[in-house]
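**Q** predicted structure and sequence below. I'll ask about it afterward.
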Amino acid sequence: MPSLSSASSCPTTRSMRSLPMWGQEDQDLPSGTVLANAYRLSERIGRGAYGSVYRAEQISLHRDVAVKVLSTSASADPELAERFVREACAVSRLHHPNTVTVLDFGRSQCGRLYLVMEYVPGMTLTELVTRAAPLPLAQVVELCVQVAMALEAIHAAGIIHADLKSENILCERLTRGELVKVVDFGIARLTEAGVSRVLVPDPAAPLRSEGAEVGAATIAAHARGTPGYIAPEVILGAAPEPASDIYAAGILLYFLLTAELPFGGRHAREVLRRQLDGPVMPPSLQRRDVPESLDALVLRATARKPGQRFADASALRDALEVVAHELPPTQPSCDRDSGDVIVH
Ligand SMILES: Nc1ncnc2c1ncn2[C@@H]1O[C@H](COP(=O)(O)OP(=O)(O)OP(=O)(O)O)[C@@H](O)[C@H]1O
Ligand SMILES: [Mg+2]
């Protein structure tokens, strides 16, 4: 897996934790591996800094599940293990149609920590944009309404996602429209211990913000999340708050509209610096059919100061619903298996 600094092809979509700190010694678990006498793994469907996500069968119930398996070294790290347990417990309290349901959690015979989730037969929003951009405006707004509803539930449960982005949101095709499922929340807190090992302080390349020079060590010590989505105050060292998830939702909205992130760069530092330097530009500059009301919504969600953003996820949802009523109706849907995107 490439390091953050070498991930120049797409630095803005890699979590700061998606780095070769842990688990590089682990081979993929082969198809057919039975975990904890209960889950028969089939193909790997995702890979992160600490392990992999597999499609699997829950043998007793003959149902599909998704299993996130931590690498051997991450599973053996007491702090990471404790965080994984804590976050798994927190996330298991969430019961909402727009957040993935956690079914089980444990440690396998060979010492690997695992988290079992409902299997979502869909594609990530990154894949959807790659296949189908430009998405119809009504579809974008509807997807974001569901993301806002997920955030309402997540925040109500006292959880900050802290790594909301298109790769961490799945969409499942329904008979009418799509169902969004936010994944990979809370577990992001696992990264905290690792971040300081990731961003090497570089006094020669300070970040400048509101006239103050901010050394890289500040970022290294506190920031977590994904460059491009991470809120400015979090870059500067504040703890993630609901408002920082709102910021990420605004960035997501911009991405769904334009198929681009508002802040690019050759490497993570450049992306972070641009985030601190300037506001998000209106998406209508990239895509002419974006109405003023949607421009305003993106700018408010991504306001530099947390207090200038929507007060909470339900205020964001309300604003999206107002915009939705102004747009012509469309009912697009996606299908991971066929890759088809259908607009009814
Ligand atoms: N419940 C699920 N159902 C179907 N696919 C899933 C599920 N959970 C995760 N995935 C797939 O696995 C990928 C990785 O999952 P997740 O984001 O939870 O892992 P990760 O280790 O944090 O990866 P990264 O750090 O690179 O984002 C997702 O982008 C998605 O494609
Ligand atoms: Mg992820």
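**A** Received it, and whenever you're ready, just let me know what you need. Ligands and ions are numbered 1, 2, ... in the order given.
**Q** quick check: bridge partners of Ala56?
**A** Judged by DSSP bridges, the bridge partners of Ala56 are Leu41, Val65.
**Q** number of residues surrounding the closest residue to Glu57 other than its chain neighbours?
**A** Distance criterion Cβ to Cβ, 6 or more residues apart in numbering; nearest residue to Glu57, sequence neighbours excluded, is Arg40 at 4.7 Å. In this view, the C-beta of every residue, glycine as well, is placed from N, C-alpha and C. With neighbours defined by other Cβ atoms under 10 Å, the count for Arg40 comes to 17.
**Q** got the contact list for Arg40?
**A** Taking Cβ atoms under 8 Å, 6 or more residues apart in numbering, we find Arg40 in contact with Gly32, Thr33, Val34, Ala56, Glu57, Ile59.
**Q** ramachandran angles for the third one?
**A** Going back to what we said before, that points to Val34. phi -100, psi 120 (degrees, to the nearest 10).
**Q** I'd guess Leu61 is in a strand, am I close?
**A** No: under DSSP: H, G, I helix; E, B strand; the rest coil, Leu61 falls outside any strand and is assigned coil.
**Q** Gly264 versus that one, what's the distance?
**A** Distance of Leu61 to Gly264, computed by Cβ to Cβ, to the nearest Å: 45 Å.
**Q** those two - which one has more neighbours?
**A** Counted by other Cβ under 10 Å, Leu61 and Gly264 do not tie: Gly264 has more neighbours, with 14 against 10.
**Q** who in the chain is up against ligand 1?
**A** 15, 17-18, 45-46, 48-49, 53, 66, 68, 100, 117-120, 124, 167-168, 170, 183-184 (Cβ under 6 Å from any ligand atom).
**Q** so how do I select the buried members of the residues you listed in ChimeraX?
**A** The ChimeraX command for the buried members of the residues of the chain next to ligand 1 (criterion: 16 or more other Cβ atoms under 10 Å) is given here:
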select :15,17,18,45,46,48,49,53,66,68,100,117,119,120,124,167,168,170,183,184
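**Q** so Gly263 is in contact with Gly228, correct?
**A** Wrong residue type there; residue 263 is Phe, not Gly. Yes: applying Cβ atoms under 8 Å as the test, Phe263 and Gly228 come out as touching, 5.6 Å apart.
**Q** against Ala138, how distant is Glu321?
**A** Going from Glu321 to Ala138 by Cβ to Cβ gives 12 Å.
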